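> Coordinates only, no sequence provided:
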């Protein structure tokens, strides 16, 4: 099994899923709610969809429950604890009215509900729920694969590929690629069957990844190569007609190709097996 360590890294990740929920803001029927996830120790950017190109810079950021103002325009609230204040930054292209909130070295205490609002526009409010992933999957394994990293199969039979991730909260996604195309994603365990497997897949790489699809973060991987026992092609004689004379030895050559391992060749004389079995000289 191979894998990438779970050491803290600096990434900017976000995944957004929008729903609508009722709000009590004046003259506004709905507020936009988004979900964002980030890995512990990474940099997370909370994107505010509202734009303000005025000189007053009226976009504010709050953390809710209780309400705590983080940012007004480009100004970080000076009354915030220094450890928190030093990890906050206003990002985006301000010339285009973008005022996003970035949190570096994100941690569990940053998890919660955030709100960005354009104070000059009634109802221009977006709520963002931040989830911090603190427990990454600890290991990933592919079943029926040894230290040689070979996944054995038989041409014409079903080949079942199973990968399982241990640990992780929330439960990690496991992604399966054959050879470079995603064939399936599932939580914790992914299983996929090639029904039946054909020789096209012989020698192809199979890769499993464990992590979180919504933020495109996969810290663990395991891979193997498919190795198939291949069926032989129909044997062929060296010639269609063989002539000999009575009492003289008869030499006949028969060849089979395409098999792995090399196929054994058995001889029949009429409807009976020949007394002597030829040497296995199959060309694979």
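Now that the structure is in, tell me what you want to look at. All values reported here derive from a predicted model rather than from experimental measurement. Residues are numbered from 1 along each chain as shown.
> Could you use CA atoms for every contact and neighbour count after this?
Noted.
> okay, and for the stretch 101-250 of the chain, where does confidence drop off?
120, 122 (pLDDT under 70).
> So which residues of it form strands?
Ranges of strands in the stretch 101-250 of the chain, per DSSP state E, counting those that start in this stretch, are 112-118, 125-133, 135-142, 150-154, 159-169, 173-177, 182-187, 189-194, 205-212, 217-229, 236-237.
> Let's have the ones you listed in CSV, adding mean neighbour count and distance to residue 91.
Listed next are the strands of the stretch 101-250 of the chain as CSV, based on neighbours: other C-alpha atoms under 10 Å; distance: least, C-alpha to C-alpha, whole Å:
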stretch, mean neighbour count, distance to residue 91
strand 112-118, 22, 13
strand 125-133, 21, 16
strand 135-142, 21, 27
strand 150-154, 19, 47
strand 159-169, 18, 29
strand 173-177, 24, 30
strand 182-187, 15, 33
strand 189-194, 16, 38
strand 205-212, 24, 25
strand 217-229, 21, 22
strand 236-237, 12, 72
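> Distance to residue 70 for those - can I get that in JSON lines?
JSON lines is the format used below for the strands of the stretch 101-250 of the chain (distance: least, C-alpha to C-alpha, whole Å):
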{"stretch": "strand 112-118", "distance to residue 70": "9"}
{"stretch": "strand 125-133", "distance to residue 70": "14"}
{"stretch": "strand 135-142", "distance to residue 70": "27"}
{"stretch": "strand 150-154", "distance to residue 70": "53"}
{"stretch": "strand 159-169", "distance to residue 70": "28"}
{"stretch": "strand 173-177", "distance to residue 70": "33"}
{"stretch": "strand 182-187", "distance to residue 70": "35"}
{"stretch": "strand 189-194", "distance to residue 70": "40"}
{"stretch": "strand 205-212", "distance to residue 70": "28"}
{"stretch": "strand 217-229", "distance to residue 70": "28"}
{"stretch": "strand 236-237", "distance to residue 70": "81"}
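> how deep is residue 181 tucked in, by neighbour count?
For residue 181, the neighbour count with other C-alpha atoms under 10 Å is 10.
> could you measure it against residue 156, distance?
To residue 156, residue 181 is 22 Å away according to C-alpha to C-alpha, to the nearest Å.
> what do you get for residue 165?
Residue 165 is 29 Å from residue 156, by C-alpha to C-alpha.
> next one: residue 39
Applying C-alpha to C-alpha, the value for residue 39 to residue 156 is 43 Å.
> So for those two, which residue has more residues nearby?
Taking neighbours as other C-alpha under 10 Å, residue 39 and residue 156 compare with residue 39 leading, 27 against 16.
> Correct me if wrong: the more buried one contacts residue 137.
No. Using C-alpha atoms under 8 Å, residue 39 makes no contact with residue 137, being 11.8 Å away.
> domain ranges for the protein?
What automatic domain parsing lists as the domains of the chain is 12-133, 136-229, 232-284.
> got a list of what residue 116 touches?
For residue 116, the contact set (C-alpha atoms under 8 Å, 6 or more residues apart in numbering) comprises 48, 59, 60, 61, 62, 125, 126, 127.
> ok, it to residue 62 distance?
Distance, residue 116 to residue 62, using C-alpha to C-alpha: 6 Å.
> hey, where'd the helices end up in the chain?
Applying DSSP state H to the chain gives helices spanning 82-85.
> Just give the nearest non-adjacent residue to the residue nearest the centre of the chain, would you?
With distances taken as C-alpha atoms, centre = their mean, the residue of the chain nearest its centroid is residue 175 (3.7 Å). In space, residue 175 comes closest to residue 185 once its chain neighbours are excluded; the distance is 4.4 Å by C-alpha to C-alpha, 6 or more residues apart in numbering.
> still on that earlier bit, tell me how far the residue nearest to the centre of the chain lies from residue 97.
For residue 175 relative to residue 97 (C-alpha to C-alpha), the value is 38 Å.
> Likewise for residue 245?
Distance, residue 245 to residue 97, using C-alpha to C-alpha: 99 Å.
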